[in-house]
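Undergrad: next comes the sequence, and after it the predicted model I'd like to discuss.
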Amino acid sequence: MARRKRRNHSPTFKAQVAIAALKGDKTLAELAQQYDVHPNQVTDWKSQLLERAAQAFGETGAAAPEPDLKTLHAKIGQLTLENDFLESALTKAGLLSAKR
């Protein structure tokens, strides 16, 4: 038995299947057969729709905290210093060519 080639479904198609599952007019097996997908996939798309429904009406959930720029700049400086030190040490040991 040959395996089916992996398919990528559009977000519109996923939403259509999930909404049909939410309506409850047909069973998951009937929907899966109608849309030619696995019943577990229908369940996954339905749960994703329910989880993310609030985002459709503007609720964004928890916003990502702003990174501390001072800490990030300090980390960049530390990494630059370490890279320069390693480059000079490797060059002196002959493990790194001077041409770069």
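TA: That came through, no problem. Numbers count the residues shown, from 1 in each chain.

Undergrad: now do the domain split for this protein, please.
TA: 9-55, 68-100 (automatic domain parsing).

Undergrad: save those as JSON lines, and put in distance to residue 2 too.
TA: Placement of C-beta: from N, CA and C, glycine included. Output for those, formatted as JSON lines (distance: least, CB to CB, whole Å):
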{"stretch": "domain 9-55", "distance to residue 2": "16"}
{"stretch": "domain 68-100", "distance to residue 2": "50"}
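
Undergrad: and those domains, which one is worst for confidence?
TA: Mean pLDDT across the domains of the chain is lowest at domain 68-100; the value there is a mean of 89.

Undergrad: mean neighbour count, the domains of the chain: which tops it?
TA: Comparing the domains of the chain by mean neighbour count (mean count of other CB atoms under 10 Å), domain 9-55 comes out on top with a mean of 14.
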